[in-house]
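J.: Structure for this input, please:
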Amino acid sequence: MKVAFVLVKCELGQVEKVANQIIEIDGISEVHSVTGPWDLLVKAYAPAYEAFGDLIPGKVQKVPGVRDTETLLAFRAFGAAD
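T.: Reported below is the predicted structural model:
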């Protein structure tokens, strides 16, 4: 499985609502509220990197209240169990 982290900016006052909707999407394993310029950090899994092309713009970005996203593809996990 491939992993991506998605940084999400939400409309004002919509963080909890957006987080609760994103966690219900197939392929999303974790949603964290974070400090800084982004509101949420989302961990996503897909069988291939190409599948993120459907998951992120096709599902995550279509959640009402999502204002902006930035996707980081993970190539290697250090110290993680295989």
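J.: Quickly run through the sheet partners of the host helix or strand of residue 8, with directions.
T.: Assessed by DSSP states H and E, residue 8 sits inside strand 2-10. As defined by DSSP bridges, the strand partners of strand 2-10 come to strand 40-46 (antiparallel), strand 66-74 (antiparallel).
J.: The last one: which residues count as buried?
T.: In terms of neighbour count (16 or more other C-beta atoms under 10 Å), strand 66-74 has its buried residues at 66, 69, 71. Glycine gets a C-beta too; all of them are placed from N, C-alpha and C.
J.: Likewise for the first one?
T.: Residues of strand 40-46 classed as buried: 40, 41, 42, 44, 45, 46 (neighbour count, 16+ other C-beta under 10 Å).
J.: Now do it, average pLDDT.
T.: Averaged across strand 40-46, the pLDDT comes to 98.
J.: again with the last one
T.: Mean pLDDT, strand 66-74: 97.
J.: Skip the chain neighbours and tell me the closest residue to residue 72.
T.: Once flanking residues are discounted, residue 72 sits nearest to residue 5: 4.6 Å by C-beta to C-beta, 6 or more residues apart in numbering.
J.: ok now do residue 55, which residues does it touch?
T.: 25, 27, 44, 46 (C-beta atoms under 8 Å, 6 or more residues apart in numbering).
J.: what's the helix or strand harbouring residue 21 packed up against?
T.: Using DSSP H and E, residue 21 sits within helix 15-22. Packing partners of helix 15-22 (3 or more C-beta pairs under 8 Å, 6 or more residues apart in numbering; DSSP states H and E): strand 2-10, strand 28-33, strand 40-46.
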